[in-house]
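S.K.: I'd like to go over a predicted model; first the sequence, then the structure.
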Amino acid sequence: MNRRKFLTRSLVAGTGLAFVNPVFGSIVTPQSSTASLEISLAQWSLHRKLFAGAMDHLDFAKMSQSFGCVGLEYVNAFFKDKATDLPYLKEMNRRAEDHQQKNLLIMIDGEGGMAEKNAQKRLVNIENHYKWVEAAQVLGCHAIRVNLHGGEDRLDAQKAGIDSLNRLAEFAKPIGVSILVENHGGFSSDGNWLATVMQNVSNDNIGTLPDFGNFCIERKEQECISAYDRYQGMSDLMPFAKALSAKSHAFDVQGNETQSDFFKMIKIAKENQYSGYVGIEFEGTLDSEEEGIIKTKNLLDKAIAASY
């Protein structure tokens, strides 16, 4: 596959201004650009509105700004037919610039598992990601997130994952894009397994995207029957982190997330000298998506402030 030479537009950092949330009218303030941890918004937080057609993908930057976030983490499912549409990608850049947002990464799903047992299928899956690497370059994103799915044997899946990541990273490196792996089900949700993969890759543009909550290794009828300790998992994955996802589902009356101790998670990140963006990824159903994002943002603000 020939690599297309796209020009990347630079994006404007946050201005420090306060904005009014269009849903609740509440005042929210972006993180200071001098903070070592800044807050971004994962597009999946709005997946119900997007899948229902109640929100346009191109309005994501505007929504993120309204919540006081300063970075965008896209999901390819919401513009899956636009990976090679240069005018559309340029419009995404314009929207991000207009709303003082930084394009950060694209989460890639539906392009095949990178630990697929069948070698021929796995090579196809790797090539399926090329267009998203190139789209990331156009958008000025530093990375794409891939899935190490498809493996059946623990050791074989590690070997396949290592090979896939190295191949894709070699394609992505000349254009300045990193390849990140999230703990996202199956073997990848085992912190030790994924850390071993990271220890054996040979390209420095490979890393992790640790997620606070995705440490369920096996599910049966929607119930998690095998899980890895989330705090141990964070400790395993943070040394390789190039992004960070603050997963939230529900909150108690004090505003704390009911499944993850955000203060402890941010402390682990800081202990591993992580700096950069922490992405809000709300998946709950008790609150509206807008309410869940605001509650997660408020909690992250407190946890980040407490970490200094």
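M.R.: Okay, I see it.

S.K.: rest of the way, CA atoms for contacts and neighbours
M.R.: Noted.

S.K.: output stretch 71-84 as CSV, nothing but the C-alphas.
M.R.: Only the C-alpha atoms of stretch 71-84 are listed here, as CSV (Å, rounded to 0.1, in the frame of the first residue of the first chain):
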residue,chain,number,x,y,z
GLY,A,71,-8.3,17.5,23.8
LEU,A,72,-10.2,15.2,21.5
GLU,A,73,-10.1,11.4,21.5
TYR,A,74,-12.0,10.2,18.4
VAL,A,75,-13.6,6.8,17.8
ASN,A,76,-13.4,5.6,14.2
ALA,A,77,-16.9,4.1,14.3
PHE,A,78,-18.3,7.6,14.1
PHE,A,79,-16.5,8.5,10.8
LYS,A,80,-15.7,5.1,9.5
ASP,A,81,-16.2,5.9,5.9
LYS,A,82,-14.1,9.1,6.1
ALA,A,83,-10.6,7.8,6.8
THR,A,84,-9.4,8.8,3.3
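
S.K.: check which residues of it are buried.
M.R.: G71, L72, E73, Y74, V75, N76, A77, F78, K82, A83 (16 or more other CA atoms under 10 Å).

S.K.: what about the stretch 51-200 of the chain, any weak spots by pLDDT?
M.R.: Low-confidence segments of the stretch 51-200 of the chain (pLDDT under 70): none present.

S.K.: please, where are all the strands along it?
M.R.: 71-75, 102-107, 143-146, 178-182 (DSSP state E, counting those that start in this stretch).

S.K.: neighbouring strands - and their directions - for the second one?
M.R.: Paired with strand 102-107 in the same sheet, following DSSP bridges, are strand 71-75 (parallel), strand 143-146 (parallel).

S.K.: reformat the ones you listed as TSV; add distance to D56.
M.R.: TSV is the format used below for these (distance: least, CA to CA, whole Å):
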stretch	distance to D56
strand 71-75	13
strand 143-146	22
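
S.K.: who wins for proximity to D287 among those?
M.R.: For D287, the closest of the strands paired with strand 102-107 is strand 71-75, at 21.3 Å, according to CA to CA.

S.K.: that's a helix at T208, yeah?
M.R.: No. Counting by DSSP: H, G, I helix; E, B strand; the rest coil, T208 falls outside a helix, being strand.

S.K.: what sits opposite it in the beta ladder?
M.R.: Beta-bridge partners, per DSSP bridges, of T208: V181, A241.

S.K.: might one say that it is in contact with K242?
M.R.: Yes. With contact defined as CA atoms under 8 Å, T208 counts as touching K242 (6.0 Å).

S.K.: need the overlap of contacts for those two.
M.R.: Taking CA atoms under 8 Å, 6 or more residues apart in numbering as the criterion, T208 and K242 both touch L180.

S.K.: check which helix or strand covers L41.
M.R.: strand 37-42 (DSSP states H and E).

S.K.: and that strand, average pLDDT?
M.R.: When pLDDT is averaged along strand 37-42, the result is 98.

S.K.: show me what it is packed against.
M.R.: strand 71-75, strand 276-282, helix 289-306 (3 or more CA pairs under 8 Å, 6 or more residues apart in numbering; DSSP states H and E).

S.K.: and with 6 Å instead?
M.R.: strand 71-75, strand 276-282 (3 or more CA pairs under 6 Å, 6 or more residues apart in numbering; DSSP states H and E).

S.K.: redo the ones you listed as TSV? Include distance to K173.
M.R.: Formatted as TSV, the helices and strands packed on strand 37-42 follow (distance: least, CA to CA, whole Å):
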stretch	distance to K173
strand 71-75	20
strand 276-282	20
